[in-house]
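Student: got a sequence here, can you model it:
(chains A and B)
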Protein chains: 2
Amino acid sequence: MRDFSNDREWLAINTATIKSCSLEQAIAGCARAGITAIAPWRDIVQQCGIERAQKLIRASGLTVTCLCRGGLFTAADEAGRRAAIEDNRRAVDEAAAIGAQCLVLIAGGLPPGSKDLAGAHAQVRDGLAALLPHARAAGVPLAIEPLHPMTAADRACVNTLAHANDLCDALGEGVGVAIDAYHVWWDPDLPRQVARSGTRILSYHVCDWLVPTRDLVFDRGMPGDGIIDLRGMRGLVEDAGYRGHCDVEIFSAQNWWKRDPDEVVRICIERHQTVV
Amino acid sequence: MRDFSNDREWLAINTATIKSCSLEQAIAGCARAGITAIAPWRDIVQQCGIERAQKLIRASGLTVTCLCRGGLFTAADEAGRRAAIEDNRRAVDEAAAIGAQCLVLIAGGLPPGSKDLAGAHAQVRDGLAALLPHARAAGVPLAIEPLHPMTAADRACVNTLAHANDLCDALGEGVGVAIDAYHVWWDPDLPRQVARSGTRILSYHVCDWLVPTRDLVFDRGMPGDGIIDLRGMRGLVEDAGYRGHCDVEIFSAQNWWKRDPDEVVRICIERHQTVV
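Tutor: Below is the predicted model of the structure:
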């Protein structure tokens, strides 16, 4: 296992962790803290403007581990699915513009009014297949992120690393996975599936599962405050060959989002050294 | 698929659905509604007293589909694990006394302070193995119920039907599964695993997944109010050979638990006929 104790080389701050910040503020905060990599969300990149974002990021010298996020391929009708693919093509272009190492994609949930889970799975596969030529041409790898099964109905119906790996097998070159400890820690099949992902692991995210968890979306914990064996999971990911950054991504409406972003980044660095 | 439209033969009311009722009130409510089967929880059976519960149930003529619930095998130390096994032996005796067709078991979560998921899995397997001779002697089949992955940390670390089936394979005669639509509907591997369960399906529970879901435990929906394809899932279970009852089990602190139990039972009957 690589030694993280003496440097900040492999820590990336996901901008969702410091949600109150604009892209410019996030970049400045990373610089103040000595952070060398960032994982921005599309909304703040768009608010900044793509060209300006590109310039700011280049000037900062920050590595962009990934752009979060595209996907959401499921829709009630063909027009909706076409619109989703168009939007994902723009996301690919944005990722290319800011030099992101990959574009993270979540599946999308059941279309409104639908109970057809297998049909939603097919829509996701078809959407990815339709997007892939543009992504390959742009040189932007697509990272499928399985989300926790509690999000299957309304956010993402790809909920296991096995399912994401199956999609990679079906789609071939240019597709990989994003592994977020929060979404997959519970899976008894995880060690086998992480090994199966191997060099297809494009992005690795961490936060922690709190006990109790009070909200299905916005109650994630700072690494070390919950029950996930993050060091063990990092071992799995590194044993599979992953040598990229570790993105700290925390959705926390009632706690971390209310704090001073500089304080949040400082604690991310501490926890990265001690528990991740 | 069996025709449920003209009778109440295959509907069982789980007493968690009418949580305000004592066992006596639940039995009386089922009788008023023409229900022929009940799935009681241990707490109200114990409050009634085992011998009195036995007499009331015999006199009612109700089928007891299962006793809910034992398990919770994980603990921080050996004494805690031994105490859990002792309590489960009492649960087996209670199930035998009231003529329950099986005892439903949930795994238990991570022990306090632990992040060792594989260790918790081993504790569950060992606990089941220790309980099994007593259950076999009493003629009470053990039904392992995988719970939704969102419960893995603090309630049950067996979260997929695949894992429950693996435990059945390891433990042999006297162990089967309880399938609750709410806990497993999201699983892309479900059709294959239900078929694999086959005649080991000892109990089938339904409620619905609401969008949005506002609480990880107590916000389950009445069948038909959410997004689960319950008729499709019943097809899977029946195709696997299951011919038992369908238990309606709804944890709903903010809605159904606040309503008149007779109204709740009436709506369960309607939905059983139309969507289950």
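
Student: looking at this, residue A:69 is in a helix?
Tutor: No - according to DSSP: H, G, I helix; E, B strand; the rest coil, residue A:69 belongs to no helix; its state is strand.

Student: next, the nearest residue to it once chain neighbours are set aside: secondary structure please.
Tutor: Of all residues not flanking residue A:69 in the chain, residue A:104 sits nearest, at 4.4 Å (Cβ to Cβ, 6 or more residues apart in numbering or on different chains). The way it works is simple: take the backbone N, C-alpha and C, and place the C-beta from them, glycine included. For residue A:104, the assignment made with three-state DSSP gives strand.

Student: so what's residue A:104 up against?
Tutor: Residue A:104 makes contact with A:66-71, A:143, A:145, A:178, A:203, according to Cβ atoms under 8 Å, 6 or more residues apart in numbering or on different chains.

Student: swap in residue A:247?
Tutor: A:12-14, A:37, A:39, A:65-66, A:203-206.

Student: need those residues in a markdown table with pLDDT, can you?
Tutor: Converted to a markdown table, the contacts of residue A:247 look like this (pLDDT from 0 to 100):
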| residue | pLDDT |
| --- | --- |
| A:12 | 97 |
| A:13 | 97 |
| A:14 | 98 |
| A:37 | 97 |
| A:39 | 98 |
| A:65 | 98 |
| A:66 | 98 |
| A:203 | 98 |
| A:204 | 97 |
| A:205 | 98 |
| A:206 | 98 |
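
Student: which members of those residues are positioned in helices?
Tutor: Among these, none falls in helices (DSSP state H).

Student: and the helix or strand where residue A:125 lies with strand A:67-71, angle?
Tutor: Taking DSSP states H and E as the definition, one finds residue A:125 inside helix A:117-138. Using axes from the mean of the first three to the mean of the last three Cα atoms, to 10 degrees, the direction of helix A:117-138 lies 130 degrees away from that of strand A:67-71.

Student: now do helix A:117-138: distance to the chain's middle.
Tutor: 18 Å (Cα atoms, centre = their mean, to the nearest Å).

Student: helix or strand next in line after it, which one?
Tutor: Assignment by DSSP H and E places the next element after helix A:117-138 at strand A:142-144.

Student: just for the stretch 151-276 of chain A, where's the confidence low?
Tutor: Nowhere does the stretch 151-276 of chain A drop to pLDDT under 70.

Student: what sits against the closest residue to residue A:96 other than its chain neighbours?
Tutor: Closest residue to residue A:96 apart from its sequence neighbours, by Cβ to Cβ, 6+ apart: residue A:138 at 4.5 Å. By Cβ under 8 Å, 6+ apart, residue A:138 lies in contact with A:92-93, A:95-96.

Student: let me have the residues you listed in TSV, adding secondary structure, neighbour count and pLDDT as columns.
Tutor: Shown next, in TSV, are the contacts of residue A:138 (DSSP: H, G, I helix; E, B strand; the rest coil; neighbours: other Cβ atoms under 10 Å in any protein chain shown; pLDDT from 0 to 100):
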residue	secondary structure	neighbour count	pLDDT
A:92	helix	23	98
A:93	helix	16	98
A:95	helix	28	98
A:96	helix	18	98
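
Student: among those residues, which pair sits farthest apart?
Tutor: A:93 and A:95 (7.3 Å; Cβ to Cβ).

Student: which one of the contacts of residue A:104 is nearest chain B?
Tutor: residue A:145 (15.5 Å; Cβ to the nearest Cβ).

Student: surely that closest one meets residue A:164?
Tutor: Yes - assessed by Cβ atoms under 8 Å, residue A:145 is found in contact with residue A:164 at 7.5 Å.

Student: quickly list what's touching both of the two.
Tutor: Joint contacts of residue A:145 and residue A:164 (Cβ under 8 Å, 6+ apart) are residue A:177.

Student: list, one by one, the residues from the stretch 51-200 of chain A near chain B.
Tutor: Proximity of the stretch 51-200 of chain A to chain B, by Cβ under 8 Å from any Cβ of the partner chain, involves residues A:110, A:114-117, A:121, A:148-150, A:152-154, A:157, A:159-160, A:162-163, A:185-189.

Student: please list only the buried members of these.
Tutor: The neighbour count (16 or more other Cβ atoms under 10 Å in any protein chain shown) marks A:110, A:114-117, A:121, A:148-150, A:152-154, A:157, A:159-160, A:162-163, A:185-189 as buried among these.

Student: so how far is residue A:238 from the residue nearest to residue A:96?
Tutor: Distance of residue A:138 to residue A:238, given as Cβ to Cβ, to the nearest Å: 29 Å.

Student: check contacts around the residue of chain A positioned farthest from its centre.
Tutor: Each residue of chain A has a distance to the centre, and by Cα atoms, centre = their mean the biggest one is for residue A:113: 27.6 Å. Residue A:113 makes contact with residue A:76, according to Cβ under 8 Å, 6+ apart.

Student: SS state for it?
Tutor: Going by three-state DSSP: residue A:113 is coil.

Student: so what's it scoring on pLDDT?
Tutor: We have a pLDDT of 94 for residue A:113.

Student: so what touches the helix or strand residue A:86 falls within?
Tutor: Using DSSP H and E, residue A:86 falls within helix A:78-97. Here helix A:78-97 makes contact (Cβ under 8 Å, 6+ apart) with A:42, A:45-46, A:50-51, A:53-54, A:66-67, A:69-75, A:100, A:102-103, A:105, A:108, A:111, A:123, A:126-127, A:130-131, A:134-135, A:138-140.
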